[in-house]
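S.K.: Following is a predicted model, sequence given first.
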Amino acid sequence: MHTEIGRSERTNERLPALLLIGISLVGVAAFLYPFVLSAANDAGLETSAHGTDAPFLFAIVTGVCLVASLISTSDDTTGTSRAKIVALLGVLVAIDATLRLVPGVLGASPIFPLIILVGAVFGATFGFQMGALTILLSAFLTGGVGPWLPFQMFGAAWIGMSAGWLPKPASLTARVVMLAAFGALWGVLFGAIMNLWFWPLSTPGLEVESGFSWNPELGFIETLRRYGGFYVTTSLVFDLTRSLANLLLILVLGKPVLRLLDRYNARFSWHEWQDTSDERTGDTASGR
């Protein structure tokens, strides 16, 4: 019986992970396909970057988060704890989305540290959902709905997912320092990734020669060089500010938040029961 429960538990963990792999590949393709299709620089696409595919991407990433949550609550043997986990996800998403209402400075936002901390405690699947759903809800709260939204959801979801892959040092201080450095790295990486959703579609390309523009005839090295110039000129200052904000917020608030999240994780986690009655009986018989 206990073996069957453990097997069901492992199956429910694998299915969301497979979903995340699949949807992440879709996200990578969505960011990169304009570099593959030479038609990406046609005039029709320049004025409506991702206007056609963005709704489909939005539906896919939102649907995957819903399916992952449904899978997490599909096992009757552990349904109570799993239902609490999903409820906790909803509360955390609501709290973090509300933080987006706090005025940011030059790209800094308080929403990313909580995504990182939640992913680090609850794992990659939970972190993916935390990132994607936080961006979704916060977009409705702030009016930030547009073709860029599914790409922002992917970016934030990858932050939470990758945080779930990090090791968990025994020392809480070491763990906080590691997560702070991780947040600083993602502060820059998020901006560098997000630029790709519009850069090959909105730059002049072949029509106007520019050191920052892209066109299908460029080689890989020249594409990197031009994007590097574009990134440094347009985004680096904002991303460094976001990176510094992530670093400082996690260093200052990381310990109490991690303690709280670890407590909830321990309370809601399911652990396979092990029968130790034989060991106790043996100890009693031997007079121990």
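M.R.: Arrived safely, thanks for sending. Residues are numbered from 1 along each chain as shown.
S.K.: Show me the shaky parts of the stretch 1-150 of the chain.
M.R.: Along the stretch 1-150 of the chain, the model assigns pLDDT under 70 to residues 1-16, 37-54, 58, 69-82.
S.K.: Could you pull out the helices in the stretch 1-150 of the chain for me?
M.R.: Under the criterion DSSP state H, counting those that start in this stretch, helices of the stretch 1-150 of the chain are mapped to 2-36, 43-46, 54-72, 79-99, 111-122, 124-142, 149-163.
S.K.: would you turn those into CSV with mean neighbour count?
M.R.: The C-beta positions use only the backbone N, C-alpha and C, and glycine is treated the same way. Formatted as CSV, those follow (neighbours: other C-beta atoms under 10 Å):
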stretch, mean neighbour count
helix 2-36, 15
helix 43-46, 13
helix 54-72, 18
helix 79-99, 16
helix 111-122, 26
helix 124-142, 24
helix 149-163, 25
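S.K.: of those helices, which approaches Ala266 most closely?
M.R.: For Ala266, the closest of the helices of the stretch 1-150 of the chain is helix 111-122, at 9.8 Å, according to C-beta to C-beta.
S.K.: Show me what that closest one is packed up against.
M.R.: helix 79-99, helix 124-142, helix 149-163, helix 172-194, helix 236-268 (3 or more C-beta pairs under 8 Å, 6 or more residues apart in numbering; DSSP states H and E).
S.K.: so how far is it from its chain's centroid?
M.R.: 9 Å (C-alpha atoms, centre = their mean, to the nearest Å).
S.K.: by how many degrees do that helix and helix 149-163 diverge?
M.R.: 40 degrees (axes from the mean of the first three to the mean of the last three C-alpha atoms, to 10 degrees).
S.K.: what are the C-alpha coordinates of helix 111-122, in CSV please?
M.R.: C-alpha atoms of helix 111-122 as CSV (Å, rounded to 0.1, in the frame of the first residue of the first chain):
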residue,chain,number,x,y,z
ILE,A,111,8.3,40.9,-7.4
PHE,A,112,11.4,38.9,-8.5
PRO,A,113,12.9,38.2,-5.0
LEU,A,114,9.8,36.4,-3.8
ILE,A,115,9.6,34.4,-7.0
ILE,A,116,13.2,33.3,-6.4
LEU,A,117,12.7,32.4,-2.7
VAL,A,118,9.5,30.5,-3.4
GLY,A,119,11.1,28.5,-6.2
ALA,A,120,14.1,27.7,-4.0
VAL,A,121,11.9,26.3,-1.3
PHE,A,122,9.0,24.6,-3.2
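S.K.: picking that back up, ok, which of the helices of the stretch 1-150 of the chain comes nearest Gly254?
M.R.: With C-beta to C-beta, the closest approach to Gly254 among the helices of the stretch 1-150 of the chain belongs to helix 111-122: 6.6 Å.
S.K.: rewinding a little: export the helices and strands packed on helix 111-122 as JSON lines, with columns for distance to Leu106.
M.R.: Putting these into JSON lines (distance: least, C-beta to C-beta, whole Å) gives the following:
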{"stretch": "helix 79-99", "distance to Leu106": "17"}
{"stretch": "helix 124-142", "distance to Leu106": "17"}
{"stretch": "helix 149-163", "distance to Leu106": "17"}
{"stretch": "helix 172-194", "distance to Leu106": "11"}
{"stretch": "helix 236-268", "distance to Leu106": "4"}
